[in-house]
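Q: okay, sequence plus prediction incoming.
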Amino acid sequence: MSHTDRRKILTDGSRIIVEACVEAGADTFVGYPITPSDLIYFYATKRFPVVLTAPDEITAIQWMSGLSATGKIPVTATSFPGFALMVETINMAFMMELPMVLILVQRLGPSTGTATQGAQGDLLLLRGLISGGHPIPTFCISSFEDCWTLTALAVEKAVELRTPVVLLTSKEMVKTLRSFDKSVLPEIRRVKHCLYDGEGDYQPYAPGENLVPPFLPVGNPKHQVRLTASTHDKNGLLQHPAGDALANTIRLEEKIRKNLPRYTVYELDEEKDGKTLILSYGVTALAAREATKILRGKGFPVSLLIAKTLLPVPKEYYRIFDRYERVLVAEENLGGQYCEILFGGVRPGKVAVVTSVAKMVPPQELVNRVEEMGSGERGEDEQKNP
């Protein structure tokens, strides 16, 4: 057996995600088991220093908020039905600026849908998650390597920006066993809170570096810590939306957008003289990678963009789009949700979309569509139904 072979393991994305959370410094897992995130829950019970089993998802996210306020770095994993129950408290945590990571394993909806059928149907929900339209950082896993690096980044940015962060993935990524060479995974830097160390009164919402207030846990022996989810000023005092309180509400969005270049992550494989770009994310990126390989073998100089930071949308994506005459978006949902987020309800003429419902997008569908686009045959948007 070679040295390389000895580093290969049979694993799934759930195990890698959990290991990455712990390596990155997340110290508490709070969960209520729901398919298809249940393996993350199971592995978390074996690896996290503290694990709390909640009686329901509302309780889970409330416990996470309390733990975060005490200085813990909590993580949970759920799917749409559970995430829907968490929305009010996620808004509370956003307003209170409490770091936490929510792993959202997508499945087919609406409602409880099909627990064992994957999908990419939660993006529009995430775009409008916070009342007022404020964005929260949302990353999407497209490979086992992403399970490691993006998970660590999610933990890091939750702490660094004092905000909830969503890590988006799919049933196929977290529950499919594959042979994997773990030697390709880089070392993860452990994150810590940037604690207030001044002598004066602590202002829990006074903007510091990059518009992020320094953190202090409740119950510390030196300073009073005032946390609230209502409109407040930099001291955490409730005020009507005017003056310092309104400025603080605006800052909540500005800190997410200002720091976006520091957490913009994507994979770009550009082909010289290419006029067509395939854009995908998550599990559909597997098909996009395969389709790109097939097309290049047939003489099509197609380029590939895998989006990993989905929200807020990085401006860099639009600079990449501008370099191409044709853009094909591939995703596993009915209407092309990320395409709508990127381009609005009426797509530019150069943009097409291939979608799929209740099954993964086949690489050949992307190959066929790129060939049609390259030959000038626009046709109707592909809608692949069960």
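A: Received it, and whenever you're ready, just let me know what you need.
Q: export stretch 154-162 as CSV, just CAs?
A: The C-alpha coordinates for stretch 154-162 follow below in CSV (Å, rounded to 0.1, in the frame of the first residue of the first chain):
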residue,chain,number,x,y,z
ALA,A,154,-18.2,29.9,8.3
VAL,A,155,-17.1,29.6,11.9
GLU,A,156,-14.4,32.2,11.5
LYS,A,157,-16.7,34.8,9.9
ALA,A,158,-19.5,34.2,12.5
VAL,A,159,-17.1,35.1,15.2
GLU,A,160,-15.2,37.8,13.3
LEU,A,161,-18.4,39.6,12.2
ARG,A,162,-20.5,38.8,15.2
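Q: got the domain boundaries for the protein?
A: If you go by automatic domain parsing, the domain ranges for the chain are 3-184, 209-261, 266-384.
Q: what comes into contact with stretch 191-207?
A: 24-25, 71, 73, 97, 99, 155-156, 159-160, 208-209, 212-217, 223-227, 232-236, 248, 251, 255 (C-beta atoms under 8 Å, 6 or more residues apart in numbering). C-beta here means a position set from N, CA and C on the backbone, and glycine is covered the same way.
Q: show me which of those are buried.
A: Buried positions within the contacts of stretch 191-207, assessed by neighbour count (16 or more other C-beta atoms under 10 Å), are 24-25, 71, 73, 97, 99, 155-156, 159-160, 212-216, 223, 225, 227, 232-236, 248, 251, 255.
Q: where along the stretch 201-350 of the chain do the helices fall?
A: Taking DSSP state H, counting those that start in this stretch as the test, the helices found in the stretch 201-350 of the chain are 243-258, 284-297, 315-321, 337-343.
Q: show me the contacts of stretch 191-207 that map onto strands.
A: Judged by DSSP state E, the subset of these located in strands is empty.
Q: circling back: let me have the domains of the chain in TSV, extended by mean pLDDT and distance to Tyr196.
A: Below are the domains of the chain laid out as TSV (pLDDT from 0 to 100; distance: least, C-beta to C-beta, whole Å):
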stretch	mean pLDDT	distance to Tyr196
domain 3-184	96	12
domain 209-261	95	4
domain 266-384	92	27
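Q: pull the number of nearby residues for the closest residue to Gly121 other than its chain neighbours.
A: Using C-beta to C-beta, 6 or more residues apart in numbering and skipping the chain neighbours, the partner closest in space to Gly121 is Asn333 (4.6 Å). Other residues lying near Asn333 total 23 when counted by other C-beta atoms under 10 Å.
Q: identify the residues contacting Asn333.
A: If a contact means C-beta under 8 Å, 6+ apart, then Asn333 has Ala119, Gln120, Gly121, Leu123, Thr355, Ser356, Val357 as its contacts.
Q: check Phe321 too.
A: Leu277, Val327.
Q: try it again at 6 Å.
A: The contact partners of Phe321, by C-beta atoms under 6 Å, 6 or more residues apart in numbering, come to Val327.
Q: same check, this time on Lys182
A: Arg7, Ile9.
Q: may I see the helices of the stretch 201-350 of the chain organised as TSV, with distance to Ser170 added?
A: Compiled in TSV, the helices of the stretch 201-350 of the chain are given as follows (distance: least, C-beta to C-beta, whole Å):
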stretch	distance to Ser170
helix 243-258	24
helix 284-297	9
helix 315-321	21
helix 337-343	14
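Q: what residues are up against Val361?
A: Val361 makes contact with Thr284, Ala287, Ala330, Glu332 under the criterion C-beta under 6 Å, 6+ apart.
Q: try 8 Å this time
A: Each residue near Val361 by C-beta under 8 Å, 6+ apart is listed here: Thr284, Ala287, Ala330, Glu331, Glu332, Val354, Thr355, Lys384.
Q: distance of Thr89 from Leu211?
A: According to C-beta to C-beta, to the nearest Å, Thr89 and Leu211 sit 23 Å apart.
Q: same check, this time on Tyr338
A: Taken as C-beta to C-beta, the spacing of Tyr338 relative to Leu211 amounts to 27 Å.
Q: of these two, who's got more company?
A: Counted by other C-beta under 10 Å, Tyr338 and Leu211 do not tie: Tyr338 has more neighbours, with 26 against 17.
Q: Gly133 sits in which helix or strand?
A: Gly133 belongs to no helix or strand when elements are defined using DSSP states H and E.
Q: list phi and psi for it.
A: Main-chain torsions, Gly133, degrees, to the nearest 10: phi 80, psi 10.
Q: burial measure for it, as a count.
A: Using other C-beta under 10 Å, Gly133 is surrounded by 9 other residues.
Q: now it: how far from Glu97?
A: Distance from Gly133 to Glu97, counting by C-beta to C-beta: 18 Å.
Q: before we move on, back to that, of the domains of the chain, flag the one that's most buried.
A: With neighbours taken as mean count of other C-beta atoms under 10 Å, those reach their highest mean count in domain 3-184, at a mean of 21.
Q: now that one: how far from the chain's centre is it?
A: From the chain centre to the centre of domain 3-184 is a distance of 9 Å (C-alpha atoms, centre = their mean, to the nearest Å).
Q: work out which residue lies at the spatial centre of the chain.
A: Taking C-alpha atoms, centre = their mean, the centroid of the chain lies closest to Phe139, which sits 2.4 Å from it.
Q: quick one, which of the helices of the stretch 201-350 of the chain is nearest to Val370?
A: With distances scored as C-beta to C-beta, the stretch of these nearest to Val370 is helix 284-297 (5.7 Å).
Q: can I get the closest one in CSV, CA atoms only?
A: Written as CSV, here are the backbone C-alpha positions of helix 284-297 (Å, rounded to 0.1, in the frame of the first residue of the first chain):
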residue,chain,number,x,y,z
THR,A,284,-24.9,20.7,-9.1
ALA,A,285,-21.3,21.9,-9.4
LEU,A,286,-20.4,18.2,-9.7
ALA,A,287,-22.4,18.0,-13.0
ALA,A,288,-21.0,21.4,-14.1
ARG,A,289,-17.4,20.2,-13.7
GLU,A,290,-18.1,17.0,-15.6
ALA,A,291,-19.9,18.9,-18.4
THR,A,292,-17.0,21.3,-18.7
LYS,A,293,-14.6,18.4,-19.1
ILE,A,294,-16.8,16.8,-21.8
LEU,A,295,-17.3,20.1,-23.7
ARG,A,296,-13.6,20.8,-23.8
GLY,A,297,-13.0,17.3,-25.1
